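> Fold the following, please.
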Amino acid sequence: MTIVLGIESTAHTFGVGIVKDNPVQILANVKDTYVPKEGGFIPGELARHHAEVAPDIIKKALKQANIDFNQIDYVAVSLGPGMGPALRVGASIARALVLHTSKKLVPVNHGIAHIEIGNFSTGAQDPVILYLSGGNTIITSFVDGRYRVFGETLDIALGNLLDVFSREAKLAPPYVINGVHVIDICADKGGKLIDLPYTVKGQDMSFSGLLTAAIRALNRYRLEDVCYSVREIAFDMLLEATERALALTEKKEILVVGGVAASVSLKKKLEFLGKEWNVSIKIVPPEYSGDNGAMIAYTGLLEAKAGIFIDIEDSVIRPRWRIDEVDAKWRS
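A predicted model of the protein is given here:
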């Protein structure tokens, strides 16, 4: 039996997960999320939050898994992509743990981890993948040893669009209430579609123009109608690009991962798309949609079994580490 502890600290969440194999089981998934009182993230405060909560989160994960740290075989850590100050906290803690115990360190790409926990939790076999989060909007699929990018945002991510608009519209923080994003709560009270920028270039999308126009529209239209328009236009842009990926790859599954995967309205649009194209829609469960340590631990388990490790002196953080730069040897 192999047991892996995974550390996630790429953005607002510090998480620790513990996973074992034979059969694969998630033993623990504990996290603490930094929520600013107002405005966006201040990198220094974010890093301070992670450093302060880390010891307690690790202890809670070990207690939840009902194991001692000496039973851990490998330590996995997300080295990127993400925010530099936040990444450094997780990397430093992971290095300290392996130095103290002489265990091996497993380097994990945060985006790959979102995808692999989605594959595991939904049973997806060979899907077109929509990776949608605060920092990423990517349409990808596994081809010839790597996750190849068929389409992506040309500027800001879909999650970033929703969060920044919600903040500018005085709807947030918090951004999620009872598992529902505040823009969905607001949009469900609207219904008039406002003329806002719709920008799809091939299979790539651009959301910055939509964000700017939507913020300006707050002074001219009902808030609920602006929310509705932002949501509908952004999701329709994504679905147009997804249809092109389906036509190109001829895949029979769509897997949705990342924090935006929890959107009920997006799920409804995808289900309609699935019926049109005769493909199954698989959405990562809510407990694994946002950033979490379990996805790092699970991907670390896959990598460890494929012999993928990294020396401490080489474990530098990579804030712009793309998923298509990773050789997925565990799948090959």
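
> Only C-alpha atoms from now on, for both contacts and neighbour counts.
Noted.

> Tell me if residue 141 really is in a strand.
Yes. When DSSP: H, G, I helix; E, B strand; the rest coil is applied, residue 141 is found to be in a strand.

> ok, it - contacts?
By CA atoms under 8 Å, 6 or more residues apart in numbering, the contact set of residue 141 is 126-129, 147-150.

> Now do the strands for the stretch 151-300 of the chain: every range, in order, please.
Taking DSSP state E, counting those that start in this stretch to define them, one finds strands in the stretch 151-300 of the chain at 176-177, 180-181, 200-201, 204-205, 253-257, 280-283.

> Would you mind finding the most buried of the ones you listed?
Most buried of the strands of the stretch 151-300 of the chain by mean neighbour count (mean count of other CA atoms under 10 Å) is strand 253-257; its value is a mean of 26.

> Listing partners with orientation, what would you give for that one?
Using DSSP bridges, strand 253-257 pairs in its sheet with strand 128-132 (parallel), strand 280-283 (parallel).

> so for that strand, what's the average pLDDT?
The pLDDT scores in strand 253-257 average 97.

> go on, stretch 113-123?
Mean per-residue pLDDT for stretch 113-123: 98.

> got the CA positions of that stretch in PDB?
The C-alpha trace of stretch 113-123 is given here as PDB (Å, rounded to 0.1, in the frame of the first residue of the first chain):
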ATOM      1  CA  ALA A 113      -4.400  17.800 -10.700                       C
ATOM      2  CA  HIS A 114      -7.800  19.300 -11.300                       C
ATOM      3  CA  ILE A 115      -8.100  17.100 -14.400                       C
ATOM      4  CA  GLU A 116      -7.000  13.900 -12.800                       C
ATOM      5  CA  ILE A 117      -9.200  14.200  -9.700                       C
ATOM      6  CA  GLY A 118     -12.000  14.800 -12.300                       C
ATOM      7  CA  ASN A 119     -11.200  11.700 -14.200                       C
ATOM      8  CA  PHE A 120     -11.000   9.700 -10.900                       C
ATOM      9  CA  SER A 121     -14.200  11.100  -9.300                       C
ATOM     10  CA  THR A 122     -16.400  10.900 -12.400                       C
ATOM     11  CA  GLY A 123     -15.000   7.800 -14.100                       C
END
